[in-house]
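S.K.: Below: sequence and its predicted model.
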Amino acid sequence: MPTTQSQFSRLPKKQLILITERLIDEDFPIGNPYESDFDTAYNILKDVSKYFSVEVVNEDVEFFGKFLEINGDLIAELFANNKEKIRNKELIEQLEIPIAKTYDLNYEVVGSCSYTDYLSEKFDCYDEDWVKDSAQQQNNDGSWSTWDGRERYPTEYENFQQNDYYFGDVFEVDEKRPKIESILDRLVVENTSEIVNSIDRETLLELRRIIDSKLRLL
């Protein structure tokens, strides 16, 4: 899915300069608009854009914040007095149009809740009355975990309360990367499945203990 670009990025540079002049007169923020009063910046651009029949969205505020930041010297020279038309045209052509990129933002949401998982699992046992005891024993010795069961119904959550959230690292999204990772993941799963099919029960149980131990650390 292509990255959404500001609608103003399609306007001629000469028209962008006309808008920029009005924005500067209204003290529109240069650079990160979120570090100032974003709502004020939004309303400034909204009022200016009425003359150009453009309905403003948040991405447009970012666009002009970046446009003013990366073209600061050129814009200052353009607005200086006694510039020839030819020189102004040259400066306008040198203006850089900001390009939005897609980023992944990692974040954590923490809270508390009560939940019910509806699961099922198959057990080999010599007596129906022993099945629950067998399951309990296997859960205790680590050869089976309650998380291993098959889902019978969707998990039910109750009394959910979000306590806080934390933003983590930001990564630029490479559109080609997901496809590569998907192919690699599929190959790993396919190769692993072939290996697992050739392993005896005792070794599989030992692998399960190792995997469960690792998962608990994640």
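M.R.: Ah, there it is. Everything quoted here is computed from the prediction, not taken from an experiment. Residues are numbered from 1 along each chain as shown.
S.K.: rest of the way, CA atoms for contacts and neighbours
M.R.: OK.
S.K.: which strand is the longest one in this structure?
M.R.: strand 150-172 (DSSP state E).
S.K.: Format the CA atom coordinates belonging to that strand as PDB.
M.R.: Coordinates of each C-alpha in strand 150-172 appear next as PDB, following Å, rounded to 0.1, in the frame of the first residue of the first chain:
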ATOM      1  CA  ARG A 150      -6.700 -26.000  20.800                       C
ATOM      2  CA  GLU A 151      -9.000 -23.000  21.000                       C
ATOM      3  CA  ARG A 152     -12.700 -24.000  21.200                       C
ATOM      4  CA  TYR A 153     -14.100 -20.500  21.500                       C
ATOM      5  CA  PRO A 154     -12.600 -17.000  21.300                       C
ATOM      6  CA  THR A 155     -11.100 -15.800  24.600                       C
ATOM      7  CA  GLU A 156     -13.500 -13.700  26.700                       C
ATOM      8  CA  TYR A 157     -12.100 -10.600  28.400                       C
ATOM      9  CA  GLU A 158     -13.700  -8.900  31.400                       C
ATOM     10  CA  ASN A 159     -13.000  -5.900  33.600                       C
ATOM     11  CA  PHE A 160     -10.400  -4.700  31.100                       C
ATOM     12  CA  GLN A 161      -8.600  -1.500  32.200                       C
ATOM     13  CA  GLN A 162      -5.800   0.200  30.400                       C
ATOM     14  CA  ASN A 163      -3.300   1.700  32.800                       C
ATOM     15  CA  ASP A 164      -0.700   3.300  30.500                       C
ATOM     16  CA  TYR A 165       1.100   3.000  27.200                       C
ATOM     17  CA  TYR A 166       4.700   3.400  26.100                       C
ATOM     18  CA  PHE A 167       6.200   4.300  22.700                       C
ATOM     19  CA  GLY A 168       9.300   2.300  21.700                       C
ATOM     20  CA  ASP A 169      11.500   2.400  18.700                       C
ATOM     21  CA  VAL A 170      10.600   3.700  15.200                       C
ATOM     22  CA  PHE A 171      11.600   1.900  12.000                       C
ATOM     23  CA  GLU A 172      11.200   3.000   8.400                       C
END
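S.K.: Residue 116: neighbouring residues, count only.
M.R.: Residues near residue 116, counting by other C-alpha atoms under 10 Å, number 11.
S.K.: Give me the helices and strands touching the helix or strand containing it, please.
M.R.: Secondary structure from DSSP states H and E places residue 116 in strand 103-120. Applying 3 or more C-alpha pairs under 8 Å, 6 or more residues apart in numbering; DSSP states H and E, one finds that strand 103-120 contacts strand 150-172.
S.K.: which of the residues in the strand it packs on are buried?
M.R.: The neighbour-count check on strand 150-172 (16 or more other C-alpha atoms under 10 Å) flags nothing as buried.
S.K.: Tell me the strands beside it, with direction?
M.R.: Looking at strand 150-172 with DSSP bridges, its partner strands are strand 103-120 (antiparallel).
S.K.: Distance from the strand it pairs with to the middle of the chain?
M.R.: Between the centre of strand 103-120 and the centre of its chain there are 17 Å (C-alpha atoms, centre = their mean, to the nearest Å).
S.K.: same deal with stretch 150-160?
M.R.: Centroid separation between stretch 150-160 and its chain, computed with C-alpha atoms, centre = their mean, is 26 Å.
S.K.: and if you look at stretch 116-132?
M.R.: Relative to its chain's centre, stretch 116-132 lies at 40 Å (C-alpha atoms, centre = their mean).
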